[in-house]
Each structure stands twice: as structure tokens, then as C-alpha cells.
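A.B. asks: generate coordinates for the sequence data below:
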Amino acid sequence: MNGRAGHGAGIRRAVGLSGIVVAGLGFAAVTATAVVAAVMARTIVTPPKERVDDTRVIAVDQTAGIIILQRTADSMLPGEYSFFFSAGTGHARLGEVVTAGEQGVTRRILSVDYGDLATAARGRLSGWFYLRPEDLGFAFETAMIPLETGSDAPAWLIPAEEPGDRWVIQVHGRAVTRPEGLRAVPVFRRAGYTSLLISYRNDGEAPLIGDGLYALGDTEWHDVDAAIEFAASRGARSIVLMGWSMGGAIVLQTATRTRHLDVLAGVVLESPVIDWADVVAFQGVALKLPPVIARVAMQVMGRRWGGLITGQAAPIDFRRLDFVARAEELALPMLLLHSNDDGFVPVTGSRSLATSRDDIVTFVPFGVARHTKLWNYDRQRWNSTISTWLAELPQGSSTRAEA
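C.D. replies: Numbers count the residues shown, from 1 in each chain. Alright, predicted model coming up:
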């Protein structure tokens, strides 16, 4: 998902507008609720055109190799992160926290990849860290995945160290693109997996399809299915699907609706959306909105008439996207990584799924780390958890049936 800054900003603007309505005036209050819920719904399904620089730069000392940032939940996190600054025109990689106080958070500068950090006034922290396959130092190729619509979607294909038939398909989250999954390439590569990092409809890289909006997994899974078919055509016989945030919701749809279940070996989910109702309600609370706002927003996105407000060509079937309720339909072995302190997608859905399907789900909770930043916070634990799970994973559906 990962579009928190733009999402929150849009809703806050609506809250500000509706604030002129005096609370308690029946019709006016209902109107204000409808307006805010409509903005929330439209923001959720609309791919953002830009990301918000939500962190102020207090000072930069490149000679000493340090930067002082505004104190926020993200700027205080231990670990290594990307820092996009000056409206995306610059990028740096930041290391550990040196000091943290009320006046700001001092971090190490690991590198400045482009842009003038010395003049930066604001930026945003990201868990990406790697921006392109070249950063990893592995050979790769740019592939085009044929979609069912007749168009092609770009992907990065990074071969395993040794030729083999085990592949992992990386599915990024909302409001981001393929680089999100680059962090996972080394651990899968060491385990003998070829990595395919895909784009999907309406994500800003793949073609615009239909209404140009997100369907939160309900249609995007078709493009993952196309990627599975592509991988199989290139020799894949045992495929792991890995989904990040909203990519988790897309992967779960794929795992239960694909035509190619025979080549799927398992699923890895990082900070996943398991139940959208849970996520939308959580976001409403985080934005200090009345609970009714989230409920109405769900109705807007889930009803045909809601398309008049959001621009959706078809409503979203949220019951089909609820894998707490659909847990019994899952069959593939699953590794589920989620932080108790995610701050954006609540861990409750992951815990509920793990509890109801402890026969197939290996749930590894983290603490402190925020949304999709588990690798950044504790790289060693994240990598070793995936390595161990892969080593114990039966390869292919035929193997699972014999186990």
C-alpha cells in the first residue's frame, strides 16, 4: 500500500473543508460525513501522481557525514533507509541514528545518489534502499510480460546464481513500484531462486487498463497470473509469490484464483493487507475520523453507484478480498512477516490468519519496524527467516501432495 502521506493529506484537506460545518446540525453533519468518506474512498483507489515530502531537513553536514531530520516515527527508526528529497529530485541513503532528541534526529549519510542534499528543505524516508537492479551488482534483464489485455508490462528478471527451475515473483504495494522488492533479491538468489520483479496495471509503469484505478487486488491479480505463465515459459517449475503490503492482497487473490496452481510452491507476505475493511478502519482512527467515515468509504468503493464518486468502472468485492473470512480456502505454505508497530496496515489481520491456519502459515512478528521496513530495521533476522523457510519448503504442488 505504502501511499500514506498522499492518502492522509487528501483526507485531511477534506476534514478541513468539512470542519466549517457545525457539528450536530443533522443535514450538514451528514453532508460533511459523505464528503470526507467520498474523498477517502477516491484517495484509496486513485494511484498518486506524486509523493509528499513529510519530513523537514534541519541541517546537513556532508563533511561529517550526518543529516539532522525532524523527529518523526520514521526518522527515529534504527536501520538503513532511502531518503528522497526535494520533491523526488534527490536521493540519499541514510544509516543508523547517531542521536535523537526533541530538536531533531541525527543520522549517518551513507551515500548521495543524485540531487543536492545540502540545499534540501524536506524529504521522505523509504524502505526501498535499492533503486534499480544495478545497485545489487547482479546480471539482469528487462522483460515484458504479455497481459491478457494484449499489452505488455515491464519486469526485471534477475537470474539465480546457478541455473534452476525455482523462481520468486515479487509484487510491490500501493503507490510504489518495482524497486520495493529489490531488497529480497539477494536472499532468494542465495537460495537458488531467479527473481522476477513485476509491474501491474495502473501502477505507473504497467499499462493503464480499464478505469486506471486500483482495484486493491481484485483485478491486479490477473497480471501476476500472466507473470506466472511467463516464468513457466522460461523454465520455472516451482514458484514462490511474494507480496508487499497491497501486493500481499494481490498475491492472495492470485493464490486462490490462478490457472497455474500446479507450479506454485508457496507464498511470502511482508506487511500484507489481509482484510481491507480492517485497514480502512485503522486508517480512519489514525486520521482521527469518526468510525462511520471508514464504513461509508467502504460502501462507496463497494457499490456500483460509488463509481460516480470515485471513477471506478466496477465496484470492489471486499468479501472476496477478506482472507480472515476466507482462510480455509488457502492451500499453499505461507511465510507471514508483519510488525506489531506497522503504523499503517494493522497486524490484526495477519495474526488472525496465522491463528486460523497455523497448519500452513508460519507467522514471524517483528516489533519497532514500521510498514514494509522490516528488512531495513533488522536485515539479518529478516533474511535468516526467509532462508530457513525456503530451505524447508516443499518444491511444487506435486511434491506437496507426496509430503
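A.B. asks: run through the strands of the stretch 251-400 of the chain in chain order.
C.D. replies: For the stretch 251-400 of the chain, applying DSSP state E, counting those that start in this stretch gives strands covering 264-270, 334-339, 361-366.
A.B. asks: low pLDDT regions in the stretch 301-403 of the chain?
C.D. replies: 395-403 (pLDDT under 70).
A.B. asks: rewinding a little: dump the strands of the stretch 251-400 of the chain into TSV; add distance to Val30 and mean neighbour count as well.
C.D. replies: Using the backbone N, CA and C atoms, a C-beta is placed for each residue, glycine as well. TSV is the format used below for the strands of the stretch 251-400 of the chain (distance: least, C-beta to C-beta, whole Å; neighbours: other C-beta atoms under 10 Å):
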stretch	distance to Val30	mean neighbour count
strand 264-270	38	25
strand 334-339	36	25
strand 361-366	40	18
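A.B. asks: got a markdown table for those, with distance to Gln380 too?
C.D. replies: A markdown table is the format used below for the strands of the stretch 251-400 of the chain (distance: least, C-beta to C-beta, whole Å):
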| stretch | distance to Gln380 |
| --- | --- |
| strand 264-270 | 16 |
| strand 334-339 | 14 |
| strand 361-366 | 12 |
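A.B. asks: which among those strands is found nearest to Val285?
C.D. replies: With C-beta to C-beta as the measure, strand 334-339 is the member of the strands of the stretch 251-400 of the chain nearest Val285 (17.5 Å).
A.B. asks: that closest one packs against which elements?
C.D. replies: The contact analysis (3 or more C-beta pairs under 8 Å, 6 or more residues apart in numbering; DSSP states H and E) places strand 334-339 against strand 264-270, helix 348-356, strand 361-366, helix 374-377, helix 379-391.
A.B. asks: paired strands for it, with orientation please.
C.D. replies: As defined by DSSP bridges, the strand partners of strand 334-339 come to strand 264-270 (parallel), strand 361-366 (parallel).
A.B. asks: out of the helices and strands packed on strand 334-339, which comes closest to Ile44?
C.D. replies: Taking C-beta to C-beta, helix 348-356 is the member of these nearest to Ile44, at 16.3 Å.
A.B. asks: so which bits of the closest one are buried?
C.D. replies: Buried residues in helix 348-356, counted by 16 or more other C-beta atoms under 10 Å: Thr348, Gly349, Ser350, Arg351, Ser352, Leu353, Ala354.
A.B. asks: which strands or helices does it pack on?
C.D. replies: Partner elements for helix 348-356 (3+ C-beta pairs under 8 Å, 6+ apart): helix 276-286, strand 334-339, strand 361-366.
A.B. asks: now it against strand 264-270, angle please.
C.D. replies: 140 degrees (axes from the mean of the first three to the mean of the last three C-alpha atoms, to 10 degrees).
A.B. asks: so what touches helix 348-356?
C.D. replies: Residues from elsewhere that reach helix 348-356, judged by C-beta atoms under 8 Å, 6 or more residues apart in numbering: 269, 272-275, 278-279, 323-324, 327-328, 336, 338, 361, 363, 365.
A.B. asks: convert that helix to PDB, retaining C-alpha atoms only.
C.D. replies: Provided in PDB are the C-alpha atoms of helix 348-356 (Å, rounded to 0.1, in the frame of the first residue of the first chain):
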ATOM      1  CA  THR A 348      -4.500  -7.900  13.400                       C
ATOM      2  CA  GLY A 349      -5.400  -9.500  10.000                       C
ATOM      3  CA  SER A 350      -2.100 -11.300   9.900                       C
ATOM      4  CA  ARG A 351      -2.400 -12.600  13.400                       C
ATOM      5  CA  SER A 352      -6.000 -13.800  12.700                       C
ATOM      6  CA  LEU A 353      -5.000 -15.600   9.500                       C
ATOM      7  CA  ALA A 354      -2.000 -17.200  11.300                       C
ATOM      8  CA  THR A 355      -4.100 -18.400  14.200                       C
ATOM      9  CA  SER A 356      -6.800 -19.900  11.900                       C
END
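A.B. asks: and it, how far from the chain's centre?
C.D. replies: Relative to the centre of its chain, helix 348-356 is centred 18 Å away, using C-alpha atoms, centre = their mean, to the nearest Å.
A.B. asks: which of the contacts of helix 348-356 sit farthest apart?
C.D. replies: For the contacts of helix 348-356, with distances taken as C-beta to C-beta, the pair at the greatest spread is Glu328 and Pro365 (22.6 Å).
A.B. asks: where do the helices of the chain begin and end?
C.D. replies: 4-18, 26-45, 185-190, 221-233, 246-257, 276-286, 291-302, 307-310, 348-356, 374-377, 379-391, 397-402 (DSSP state H).
A.B. asks: can you say which of those helices is packed in most?
C.D. replies: Burial of these is given as mean neighbour count (mean count of other C-beta atoms under 10 Å); helix 246-257 ranks first at a mean of 26.
A.B. asks: what residues does that one touch?
C.D. replies: Here helix 246-257 has contacts from 1-2, 170-174, 180, 200, 214, 216-218, 220-221, 224-225, 228, 241-243, 261, 264, 267, 269-274, 276, 320-321, 323, 326, 329-332, using C-beta under 8 Å, 6+ apart.
A.B. asks: and the buried ones among these, selectable in PyMOL?
C.D. replies: This is the PyMOL syntax for the buried subset of these, where burial follows 16+ other C-beta under 10 Å:
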select buried, resi 1+2+170+171+172+173+174+180+200+214+216+217+218+220+221+224+225+228+241+242+243+264+267+269+270+271+272+273+274+276+321+323+326+330+332
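A.B. asks: nearest to Asp165, of the helices of the chain?
C.D. replies: Nearest of the helices of the chain (C-beta to C-beta): helix 221-233, 9.5 Å.
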